[in-house]
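Student: model the following, please.
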Amino acid sequence: MLFIVYTTGRCNLKCSYCGGSFDPEIVPWKVKYSLNDLDDLIREEDVVAFYGGEPLLNQDFIRDFMDVFTVDKWVIQTNGLLLHRLDKNILERLDTILVSIDGNELLTDKFRGSGTYRKVLDNVRKIRREGYCGDIVARMTVTEESSIYRDVKHLLSIGLFDHIHWQISFIWSEPWKNLWKWINQDYKPGLLRLFSEWLDELENDVVEGIAPFQGVLKRIIEGGPAPPCGSGSESFTILTDGRVISCPIAVSEKWSHIGSIREISRKDLETMSPPITEPCNKCNYFEVCGARCLYTHIERLWGEEGVKAICECSRYLINLVKDNIERIREAASGRNLTLRDLVYPEYNNTVEIVP
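Tutor: Here you go, the predicted model:
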C-alpha cells in the first residue's frame, strides 16, 4: 500500500490555483496523534509519501517517522523552497522527490510567486551536488496559460529532473475562459508533437522521462487500480488529526472519510474499493484510464462539460500510446529491452499517471 502522510496543513506558498495553507480547523498544522497509533497499519512492504501543506515545514516529524518505521520506499511531494535545509539523514533515505514547478520562470512565478522558479532550481541543484541520486520528478500544474510542449521541453532541457509529470488544473479552479480552444489548439497538438519527439528519441536509444507516456504504457500492458493513483483501494491518506481518507485532496468530503487511525485496521483498508460509477465504469477506456481521478469523478464541479473535457484529453493521450505500441516495442527491442523496461513508475510514488 501507499500511505500519504500529512506532516502539516500549513504551506509557505499561496499559489493562485491552490490558495496555500489548509484551514487549521480542517487540517491541523501540527500532528495530533502518536506514531504508535500507526503500528497496525504500516508494513515493511509499503510506500510512505510525506505531504502537506508543505511537508518540509515539519522535518522533525518526518525524521521521527522514518526512525520508527521501516518501509519499502520513501517519497515526498514538496514545493522545493526548503530543500536546501533538508536534513541529510532524511535526504539519503528518500527514493522519490516530487518538486512542484510549472514550466519556465515566467509561468511558474506567475502562479507560485516571484522568485519561486529560481529558488526551486537552486535547491534541486544543491541536493544533486550533495550526491542525491534518487528519482526527482518535476510535477507541473497545467493551466490555461500553459503550453504543454513548451513547458515540458523546457523542464527536460534543464537536465535536473529524471521525470516530468503534469496534472491539468481542470475542476480545481474557476472554469477556464477558452477551455475547448486550449484543448484543441494547444494541448492536443502539443501532446502529439511531444509524443512524436519522445518516440524519435526512443529510436535513438534515449528514454525521456515523460511520466504520462510511460505511465499509460504501464497501464496498457500491466493494468492497475482504478483510479490509477490507487485512492481508496491501494492508497490511503493520513491527516494530521489522525483521520484516514481515501483521497489526499478530499480532506473534508464525507465520501472520502474512512475513520480514525484508532478505529480502523489494516484488514479494513485491504477490503475497500472506491465508488466509481457511470459513465466511467462503462467506458471502453476504463481499463487504462481508470476514471482518471477519484475526486473529479465524484465532485464534477464543472458539470458535464468538465467531464467531457477530462475525457477528451485522457482519450487522446491513451490513443497516442496505444496506436504506437508496435513502434515502441520495436524501438525497445533494438536496445534489447522489453516494453516493461520502459514503463513508469516502478511503484506507486504518487504520480497519478493520467494527467
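
Student: which stretches of the protein form strands?
Tutor: Shown for the chain, the strands assigned by DSSP state E span residues 2-6, 47-51, 73-78, 96-100, 135-142, 163-168, 235-238, 243-245, 257-260.

Student: now these in JSON lines, with distance to Trp182, mean neighbour count and mean pLDDT?
Tutor: (Glycine included, C-beta is placed from N, CA and C.) Output for these, formatted as JSON lines (distance: least, CB to CB, whole Å; neighbours: other CB atoms under 10 Å; pLDDT from 0 to 100):
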{"stretch": "strand 2-6", "distance to Trp182": "30", "mean neighbour count": "24", "mean pLDDT": "98"}
{"stretch": "strand 47-51", "distance to Trp182": "29", "mean neighbour count": "24", "mean pLDDT": "98"}
{"stretch": "strand 73-78", "distance to Trp182": "26", "mean neighbour count": "24", "mean pLDDT": "98"}
{"stretch": "strand 96-100", "distance to Trp182": "21", "mean neighbour count": "23", "mean pLDDT": "98"}
{"stretch": "strand 135-142", "distance to Trp182": "10", "mean neighbour count": "24", "mean pLDDT": "98"}
{"stretch": "strand 163-168", "distance to Trp182": "10", "mean neighbour count": "23", "mean pLDDT": "97"}
{"stretch": "strand 235-238", "distance to Trp182": "30", "mean neighbour count": "24", "mean pLDDT": "98"}
{"stretch": "strand 243-245", "distance to Trp182": "31", "mean neighbour count": "22", "mean pLDDT": "98"}
{"stretch": "strand 257-260", "distance to Trp182": "34", "mean neighbour count": "15", "mean pLDDT": "97"}
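
Student: Throw those into a markdown table and include distance to Glu208, thanks.
Tutor: A markdown table is the format used below for the strands of the chain (distance: least, CB to CB, whole Å):
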| stretch | distance to Glu208 |
| --- | --- |
| strand 2-6 | 25 |
| strand 47-51 | 24 |
| strand 73-78 | 22 |
| strand 96-100 | 18 |
| strand 135-142 | 12 |
| strand 163-168 | 8 |
| strand 235-238 | 26 |
| strand 243-245 | 34 |
| strand 257-260 | 38 |
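
Student: closest to Leu107 out of these?
Tutor: Nearest to Leu107 among the strands of the chain is strand 135-142; the distance by CB to CB comes to 9.3 Å.

Student: check which helices and strands the closest one sits against.
Tutor: Contacts of strand 135-142 with other secondary structure elements, assessed using 3 or more CB pairs under 8 Å, 6 or more residues apart in numbering; DSSP states H and E, are made with strand 96-100, helix 116-129, helix 148-158, strand 163-168.

Student: what lines up beside it in the sheet?
Tutor: strand 96-100 (parallel), strand 163-168 (parallel) (DSSP bridges).

Student: which helix of this protein spans the most residues?
Tutor: helix 303-322 (DSSP state H).

Student: now the angle from that helix to helix 148-158?
Tutor: Between the axis of helix 303-322 and that of helix 148-158 there is an angle of 50 degrees, by axes from the mean of the first three to the mean of the last three CA atoms, to 10 degrees.
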